[in-house]
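A.B. asks: pasting a predicted model and its sequence here:
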2 protein chains.
Amino acid sequence: MDHLSPSTLLESLHWRYATKKFDASKKIDKKTWSALEEVLILSPSSYGLQPWKFIIIENQEIKDKLKSVSWNQSQVSDCSHHVVFAVKEKMDEAHIEHFIKQMAKVRGIDATSLEGYKKIMVGDLVNGPRGQMSAEWAARQAYIALGNFMTAAAVIGIDTCPLEGIDTAKYDEILELKGSGWKVVVACPAGYRSIEDKYAETKKVRFDSSDLIIHK
Amino acid sequence: MDHLSPSTLLESLHWRYATKKFDASKKIDKKTWSALEEVLILSPSSYGLQPWKFIIIENQEIKDKLKSVSWNQSQVSDCSHHVVFAVKEKMDEAHIEHFIKQMAKVRGIDATSLEGYKKIMVGDLVNGPRGQMSAEWAARQAYIALGNFMTAAAVIGIDTCPLEGIDTAKYDEILELKGSGWKVVVACPAGYRSIEDKYAETKKVRFDSSDLIIHK
């Protein structure tokens, strides 16, 4: 197993920044993009339930439409691939059943042997106290995927910019999610920074480590 | 800039799994751990506001106490470093002011030139509609940090396990956060997998990519 050295990892994370201006002429090549899709798919989630869909937009017309409901932030139209994170509005037994079946298939086991596991998940996220807030639970999971995506992109030299400042209801409309049971929570354009983006050289602002880290 | 190849990145992410059993005899060395603390500090957040504290527990007695309020999951006591993610219960002007001052200091600019930026943040997260849900907003940010942490750990060969199944109120008590304005949202032990952990070899379960990815 070929691991990265801690110092090289940190170089990548210092190199990363919330890209303000992408070079619209540079496209992420197919092989690299396909790896980043696999990164998204491999994102960890609670119970492994993957309560998400990743909508990847390359179509310029749709990117331009989405830009207009993203406070006109140029990254949306200038990026190579615009990634939109959608989550289940309400966790349900059908999703959990689908997951159990997939688990049985992938691992070559009998789905009936997973009944106990299924009951725990349904009891927690559908019928339990967390059932009422399962959309928020799902949104948190999507933010794990977002963190995973940005870090993974950085270590292979791809620029990103997390975008909370988007009109998620309008995104739902444009992406035809309305009534589908899925809703947009956050977005993240990816591509290559423009050499004109002065923010690339701006110093990162972090609180002192004594403000952020408590040792026990 | 020395970037990782997409295929090596994917190897690391396939190697990663939610570690069920850590080797309690193996400790992450100081240099590697210090890099992982920097990874946490470098986590991206909305506006860069870092509404979090990372509590790192190495003390065995505290780890054992926390295990008892984590459904007795052995990872909490057997890991090398137990990372607990806490967030601000309510975003306030003082935090934003602190951030603005830090930005002015780091970038060598006058804090008064950042008044406009400050007003936007206060108008959004303190007095705006998101002010009522700023704890949830902060929790989502913590999940970015969690995703960043797990992915970064994986690429340098460190094992982790995200833990939502913890009694966060009891964590707040044990970690003396009650009344501090901060509260625990999630945890993630880190260390080295035990050779006895059969889950390391269990096939990852992911939905088919056609279920997860939509291209537009």
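C.D. replies: In hand now; what should we look at? Numbers count the residues shown, from 1 in each chain, chains lettered A, B, ... in the order given.
A.B. asks: so A:Thr19 makes contact with A:Leu163?
C.D. replies: No. A:Thr19 is beyond contact range of A:Leu163, at 10.7 Å (criterion: C-beta atoms under 8 Å). (C-beta placed from N, C-alpha, C; glycine too.)
A.B. asks: what touches both of these two?
C.D. replies: A:Gln75, A:Pro189 (C-beta atoms under 8 Å, 6 or more residues apart in numbering or on different chains).
A.B. asks: whichever residue of chain A sits closest to chain B: neighbour count?
C.D. replies: Using C-beta to the nearest C-beta, the single residue of chain A nearest to chain B is A:Gly147, 2.5 Å away. Neighbour count of A:Gly147, defined by other C-beta atoms under 10 Å in any protein chain shown: 28.
A.B. asks: spatially central residue for chain A, please.
C.D. replies: By C-alpha atoms, centre = their mean, chain A has its centre lying nearest to A:Leu146, at 3.2 Å.
A.B. asks: ok, it touching B:Ala145?
C.D. replies: No. Look at A:Leu146 against B:Ala145 with C-beta under 8 Å: they stay out of range, at 10.7 Å.
A.B. asks: where along chain A do the helices fall?
C.D. replies: Ranges of helices in chain A, per DSSP state H, are A:6-15, A:30-41, A:60-68, A:75-78, A:93-107, A:115-121, A:134-155, A:168-174, A:209-212.
A.B. asks: quick check: chain neighbours aside, which residue is closest to A:Lys63?
C.D. replies: A:Ser77 (4.8 Å; C-beta to C-beta, 6 or more residues apart in numbering or on different chains).
A.B. asks: could you give the number of residues near that neighbour?
C.D. replies: Counted with other C-beta under 10 Å, residues neighbouring A:Ser77 total 21.
A.B. asks: that one is in contact with A:Lys65, isn't it?
C.D. replies: No. A:Ser77 lies out of contact with A:Lys65 (C-beta under 8 Å); the separation is 9.2 Å.
A.B. asks: quick one on the thing from earlier: need the pLDDT of the closest residue to the residue of chain A closest to chain B other than its chain neighbours.
C.D. replies: Closest residue to A:Gly147 apart from its sequence neighbours, by C-beta to C-beta, 6+ apart: B:Gly147 at 2.5 Å. On the pLDDT scale, B:Gly147 is placed at 98.
A.B. asks: ok, A:Pro129 next?
C.D. replies: The model reports A:Pro129 with a pLDDT of 86.
A.B. asks: same check on A:Lys26?
C.D. replies: 98.
A.B. asks: which ones are touching it?
C.D. replies: With the criterion set at C-beta under 8 Å, 6+ apart, A:Lys26 makes contact with A:Ser80, A:Gly191, A:Tyr192.
A.B. asks: just the closest of those residues to B:Asp124, please.
C.D. replies: Top of the list for closeness to B:Asp124, among the contacts of A:Lys26 and by C-beta to C-beta, is A:Gly191 at 26.5 Å.
A.B. asks: how about the contacts made by that closest one?
C.D. replies: A:Thr19, A:Phe22, A:Asp23, A:Lys26, A:Lys27, A:Ile28, A:Asp78, A:Cys79, A:Ser80, A:His81, A:Ile158, A:Asp159.
A.B. asks: so, low pLDDT: which residues of chain A?
C.D. replies: Along chain A, no part satisfies pLDDT under 70.
A.B. asks: the lengthiest strand in it to helix A:134-155, inter-axis angle?
C.D. replies: As assigned by DSSP state E, the longest strand anywhere in chain A is strand A:182-191. Angle, strand A:182-191 to helix A:134-155, by axes from the mean of the first three to the mean of the last three C-alpha atoms, to 10 degrees: 10 degrees.
A.B. asks: run the angle between strand A:182-191 and helix A:60-68 for me.
C.D. replies: Using the same axes, to 10 degrees: strand A:182-191 against helix A:60-68 is 110 degrees.
A.B. asks: run the chain-centre distance for strand A:182-191.
C.D. replies: The chain centre lies 7 Å from the centre of strand A:182-191; the measure is C-alpha atoms, centre = their mean, to the nearest Å.
A.B. asks: can I get the CA coordinates of it in CSV?
C.D. replies: The C-alpha coordinates for strand A:182-191 follow below in CSV (Å, rounded to 0.1, in the frame of the first residue of the first chain):
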residue,chain,number,x,y,z
TRP,A,182,-34.6,14.3,-3.1
LYS,A,183,-33.5,17.8,-2.5
VAL,A,184,-30.3,19.8,-3.0
VAL,A,185,-28.3,20.8,0.0
VAL,A,186,-24.9,22.1,-1.2
ALA,A,187,-22.7,22.3,-4.3
CYS,A,188,-19.1,22.2,-5.3
PRO,A,189,-17.7,23.2,-8.6
ALA,A,190,-14.4,21.5,-9.6
GLY,A,191,-11.8,22.4,-12.2
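A.B. asks: any idea of the angle that strand forms with helix A:30-41?
C.D. replies: Using the same axes, to 10 degrees: strand A:182-191 against helix A:30-41 is 140 degrees.
A.B. asks: list the buried residues in strand A:182-191.
C.D. replies: Within strand A:182-191, the residues scored as buried using 16 or more other C-beta atoms under 10 Å in any protein chain shown are A:Trp182, A:Lys183, A:Val184, A:Val185, A:Val186, A:Ala187, A:Cys188, A:Pro189, A:Ala190, A:Gly191.
A.B. asks: tell me, how many residues neighbour the closest residue to A:Leu36 other than its chain neighbours?
C.D. replies: Distances taken as C-beta to C-beta, 6+ apart put A:Ala153 closest to A:Leu36, at 6.3 Å, once the chain neighbours are dropped. The local packing of A:Ala153 (other C-beta under 10 Å) involves 24 other residues.
A.B. asks: residues contacting A:Ala153?
C.D. replies: So A:Ala153 contacts A:Arg16, A:Leu36, A:Val39, A:Asp159, A:Thr160, A:Ala190 (C-beta under 8 Å, 6+ apart).
A.B. asks: so A:Gly147 sits against B:Ala145, correct?
C.D. replies: Yes. A:Gly147 is within contact range of B:Ala145, at 6.6 Å (criterion: C-beta under 8 Å).
A.B. asks: what's near enough to touch the residue of chain A closest to chain B?
C.D. replies: Counted by C-beta under 8 Å, 6+ apart, A:Gly147 has contacts B:Ser43, B:Pro44, B:Tyr143, B:Ile144, B:Ala145, B:Leu146, B:Gly147, B:Asn148, B:Phe149, B:Thr151.
A.B. asks: state the distance from the residue nearest to the first one when sequence neighbours are not counted to A:Ile214.
C.D. replies: Going back to what we said before, that points to B:Ser43. Spatial nearest neighbour of B:Ser43, excluding adjacent residues (C-beta to C-beta, 6+ apart): B:Ala145 at 3.7 Å. According to C-beta to C-beta, to the nearest Å, B:Ala145 stands 14 Å off from A:Ile214.
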